[in-house]
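J.: Got a sequence here, can you build the structure:
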Amino acid sequence: MTIYHTRPLRRLGVVPAVFGIVLASVALVASPAGAVSSWSGKDPYHDYGPGKCAEWTNDNHVVWMDATYVYDGSTWVGTGYLAYSPMCQTNWGEFYYHDHAAWDQHTVVPSAWEAGKTGTDQYSQNLNDFGPVYTLMVDGRSTACAGAQLYELYPSHHWVTWYTFGCE
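T.: Have a look, this model is predicted:
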């Protein structure tokens, strides 16, 4: 009978390493900031329990970056923003109509994306809302951008232009 002493010792070395990886994975899932990519594609106002990514709380101070005024000719339609949540480490695009007349005559279709990464575009799920009209979230650990297409509903029903809200 041959007794191998190295195998059990190797197994003992593997168990703590695997256990450490499992613990690190659990810690990442438990922390919103650690699970950043899991917020991509989620609604900043309605996903993530009581401390939603778009809400101002003691732990989260939403940063409104790069305010962009959107015009149709000389008519001010509203203001677009690239938003960032430090708690969730996510970005999204957000647009506020100037008034109901601008909303009645225009549709603004915002989107947000991770700069330089294809397939990361996120769009608005609430285009018919007066405001805010916002996109789903993108991972904010790298550069994220937001912008919007402006459409004129009345009287001509046509695409007007593209506005970039910013890249941070």
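
J.: Phi first, then psi, for the residue nearest to residue 111 when sequence neighbours are not counted.
T.: Nearest residue to residue 111 in three dimensions, chain neighbours excluded: residue 123, at 5.0 Å (C-beta to C-beta, 6 or more residues apart in numbering). Glycine gets a C-beta too; all of them are placed from N, C-alpha and C. Phi and psi for residue 123, reported as degrees, to the nearest 10, are phi -120, psi 180.

J.: Spit out the contact partners of residue 123.
T.: Contact analysis of residue 123 by C-beta atoms under 8 Å, 6 or more residues apart in numbering lists 109-111, 135-136.

J.: Report pLDDT for it.
T.: Here the pLDDT value assigned to residue 123 is 93.

J.: gap between it and residue 74?
T.: 28 Å (C-beta to C-beta, to the nearest Å).

J.: repeat for residue 133
T.: 22 Å.

J.: Comparing the two, which residue is more hemmed in?
T.: Counted by other C-beta atoms under 10 Å, residue 133 and residue 74 do not tie: residue 133 has more neighbours, with 24 against 5.
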